[in-house]
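Asks: What follows is a protein structure lacking sequence information:
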């Protein structure tokens with residue numbers, strides 16, 4: 001028999017549904033990075049992203065425990081949809097659709113080992129480029145913005161994006177193409193330089 005870490009998402013869901021807590025841990029660890037990245041790039045606030053991540057998996061646990069999980073074979077897409085709906089609910093409640101905070105991100109960026117060989121100036125420039133690109137993404141139509149965030153910040157495949165957004169792969173690819181065209185236009189219009 002395969003070890004629990006080699007089990008499919010569906011097998012892990014079934015194991016957790018029957019009381020195996022280790023299966024839940026494997027599921028969370030397997031998808032933590034993609035789910036958290038998606039949430040963080042939407043809210044751009046570390047504390048809020050962590051809260052929404054936890055709330056997402058509380059809903060996941062509750063749904064599995066009450067046999068409401070129906071997306072067999074599409075676990076990650078289902079979790080991203082839950083996270084997306086929680087983000088929308090949060091913004092509806094707070095009525096702060098344009099809230100942006102980079103305080104937590106900058107602190108982590110400057111303390112990261114992977115940047116230890118670059119100069120402070122390069123870090124500041126790179127951070128500014130990332131912020132510029134992220135700000136430009138906010139100007140995109142919602143459907144294009146969502147595809148860019150899912151692809152480049154959550155690391156999802158176009159197949160996964162199609163499942164999460166309930167469109168065909170061709171539609172997801174088309175949205176990405178138009179998003180890139182629109183981003184190039186915005187870069188030119190706003191005279192932004194995206195090189196170090």
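Replies: Happy to help now that I have it. Quick caveat: nothing in here was measured; it's all calculated off a predicted structure.
Asks: Centre of the chain to the helix or strand hosting residue 49, how far?
Replies: Residue 49 belongs to helix 46-65 when assigned by DSSP states H and E. Distance of helix 46-65 from its chain centroid, counting by C-alpha atoms, centre = their mean, to the nearest Å, is 13 Å.
Asks: Then stretch 183-196?
Replies: The chain centroid and the centroid of stretch 183-196 are separated by 24 Å, computed with C-alpha atoms, centre = their mean.
Asks: list the buried ones in it?
Replies: Going by neighbour count (16 or more other C-beta atoms under 10 Å), the buried part of stretch 183-196 is 183, 186. For the C-beta atoms, the positions are set from N, CA and C on the backbone; glycine is no exception.
Asks: Spatially central, which residue of the protein would that be?
Replies: For the chain, the residue nearest the mean C-alpha position is residue 38 (0.9 Å; C-alpha atoms, centre = their mean).
Asks: Hmm, residue 78 is touching residue 69, no?
Replies: Yes: the criterion here is C-beta atoms under 8 Å, and residue 78 meets it with residue 69 at 7.1 Å.
Asks: what about residue 167, is that helix, strand or coil?
Replies: On the three-state scheme (DSSP: H, G, I helix; E, B strand; the rest coil), residue 167 is labelled coil.
Asks: for the closest residue to it other than its chain neighbours, what are its contacts?
Replies: With C-beta to C-beta, 6 or more residues apart in numbering as the criterion, residue 167 has its nearest non-adjacent residue at 7.8 Å, and that residue is residue 175. Residue 175 is in contact with 143, 144, 146, 147, 167, counting by C-beta atoms under 8 Å, 6 or more residues apart in numbering.
Asks: before we move on, which element is residue 175 in?
Replies: helix 169-189.
Asks: List the buried residues in stretch 55-64.
Replies: 55, 56, 57, 59, 60, 63, 64.
Asks: hang on, the earlier thing: residue contacts, the residue nearest to the centre of the chain?
Replies: Listed by C-beta under 8 Å, 6+ apart, the contact partners of residue 38 are 80, 83, 84, 149, 150, 153, 154, 156.
Asks: could you redo these as CSV and give each row pLDDT and distance to residue 6?
Replies: Formatted as CSV, these follow (pLDDT from 0 to 100; distance: C-beta to C-beta, whole Å):
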residue, pLDDT, distance to residue 6
80, 89, 23
83, 91, 26
84, 87, 29
149, 87, 30
150, 87, 26
153, 78, 28
154, 79, 24
156, 84, 22
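Asks: Which ones among those map onto strands?
Replies: Among the contacts of residue 38, no member is found in strands (DSSP state E).
Asks: which of those residues count as buried?
Replies: Buried members of these, scored by 16+ other C-beta under 10 Å, are 80, 83, 84, 149, 150, 153, 154, 156.
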